[in-house]
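1. got a predicted model here, sequence first, then my questions.
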Amino acid sequence: MTGQVTGQGAAPVLARVLVVDDERPALDELRYLLERDPRVGEVLTRDSATAGLKVLQETEVDAVFLDIQMPGLTGLELAQVLGRFRTPPPVVFVTAHEAHAVDAFDLRAVDYVLKPVRAERLAEAVRRVVDGADRTGAVADLQVPVELGGVTRFVARSEITHVEAQGDYARLHTTSGGSHLVRTPLSTLEEEWAEAGFVRIHRSLLVALAHVAEVRTEAGRCTVRVGPAGGAEGSGPGPELVVSRRHTRELRDLLLRRAGS
């Protein structure tokens, strides 16, 4: 474990967090690591999701670190309940099982940390929560689970430039040039990711406004190029995507509003 020193007089960004785990050693370890993080203030602990829910109904917390498999009410079920709160706290799942990553994605978890928990990995989860809290009115960066050779990995939504429909699936294209197939229809991502700046430009394409570098109109045909204009140093230009006529005006309006905000 790596030691961390709290700055003198610095107020923690997360004033109060809740940890819920039915296994006492795991609960104590999470509390120990979080209390050593200078970004975290008070750490509340409960050994069941039911007890955790009672805390959340009575006390305001800035984040919840939640085990998944627990007797009675599970962590996933508790997260579903929290999703109905007027202002739900960010949730980080901490579990020994990779199998629930897609369910965590559907519940918009900020992060998904596998046990045994490493101090550095938990610190990264705290950073993701803090980054979301620091961006007033912004949406915390979602970690999207993708399958690669039977291994679940995570891609930050902020790294996704555009999404392409492939039947009932969707292919996520990233800033690195890689792509990942997920079992989610494009229409679902369009609805769930609209608040993060993803818009439809074609019946089979969504684009992240933050990654639009160029808009071209030639002979009545509109296209956008994603990625740095002219390509990042050491790489070629990003892909050029066709914008359908019905979406051209809406896209331009959105980009103009974004530029002026």
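-> Noted; the coordinates are in hand.

2. residue contacts, the residue nearest to G197 when sequence neighbours are not counted?
-> For G197, the nearest residue in space outside its immediate sequence neighbours is L209; the separation is 4.3 Å by C-beta to C-beta, 6 or more residues apart in numbering. The way it works is simple: take the backbone N, C-alpha and C, and place the C-beta from them, glycine included. Contacts for L209 were tallied using C-beta atoms under 8 Å, 6 or more residues apart in numbering; they are 197-199, 254-255, 258.

3. now, which of those residues lie within strands?
-> In this view, these that belong to strands under DSSP state E are 198-199.

4. mark which of the contacts of L209 are buried, thanks.
-> 197-199 (16 or more other C-beta atoms under 10 Å).

5. so among these, where is pLDDT lowest?
-> When the buried ones among the contacts of L209 are compared on pLDDT, G197 comes out least confident, at 88.

6. how near is that residue to L255?
-> Using C-beta to C-beta, to the nearest Å, one gets 10 Å for the distance from G197 to L255.

7. and for E164?
-> The value you get for E164 to L255, if C-beta to C-beta is used, is 20 Å.

8. and D111, by the same measure?
-> Relative to L255, D111 is positioned 30 Å away (C-beta to C-beta).

9. now swap in G75 and tell me
-> The span separating G75 from L255 equals 40 Å under the rule C-beta to C-beta.

10. and stretch 17-26, end to end?
-> End-to-end span of stretch 17-26 (C-alpha to C-alpha, to the nearest Å): 16 Å.

11. nearest spatial neighbour of H100, skipping sequence neighbours?
-> Computed as C-beta to C-beta, 6+ apart, the closest residue to H100 that is not its neighbour in sequence is I68, at 5.2 Å.

12. just confirm the one you found is within a strand.
-> No - secondary structure of I68 (DSSP: H, G, I helix; E, B strand; the rest coil): coil, not part of a strand.

13. tell me the confidence at it?
-> Reading off the confidence values, I68 has pLDDT 93.

14. number of nearby residues for it?
-> In terms of burial, I68 registers 22 neighbours under the definition other C-beta atoms under 10 Å.

15. quick check: phi and psi at V20.
-> Comment: the main-chain dihedrals of V20 come out as phi -130, psi 120, following degrees, to the nearest 10.

16. contact partners for it?
-> 45-49, 51-52, 64-67, 70, 75, 78.

17. between those, which sits nearest P88?
-> Compare each of the contacts of V20 with P88 using C-beta to C-beta and the shortest gap goes to V64, at 8.9 Å.

18. partner residues bridging the closest one?
-> L18, V91 (DSSP bridges).

19. for V91, see how far away it is.
-> Counting by C-beta to C-beta - V64 and V91 are separated by 5 Å.

20. need the overlap of contacts for the two.
-> L82.

21. how about the helices in the stretch 101-250 of the chain?
-> Per DSSP state H, counting those that start in this stretch, the stretch 101-250 of the chain has helices spanning 101-106, 119-134, 186-192, 245-260. These are given in chain order.

22. quick one: mean pLDDT for the shortest one?
-> Right, the one you point to is helix 101-106. Mean predicted lDDT for helix 101-106 stands at 68.

23. ditto for the last one
-> Per-residue pLDDT over helix 245-260 has a mean of 77.

24. stretch 42-61 too?
-> For stretch 42-61, the mean per-residue pLDDT is 95.

25. what does stretch 171-190 give?
-> If you average the per-residue pLDDT over stretch 171-190, you get 91.

26. could you do stretch 208-221 as well?
-> The average pLDDT within stretch 208-221 is 87.

27. kindly report the same for stretch 151-161.
-> 85.

28. list the buried residues of that stretch.
-> For stretch 151-161, the neighbour count (16+ other C-beta under 10 Å) marks 155, 157-161 as buried.
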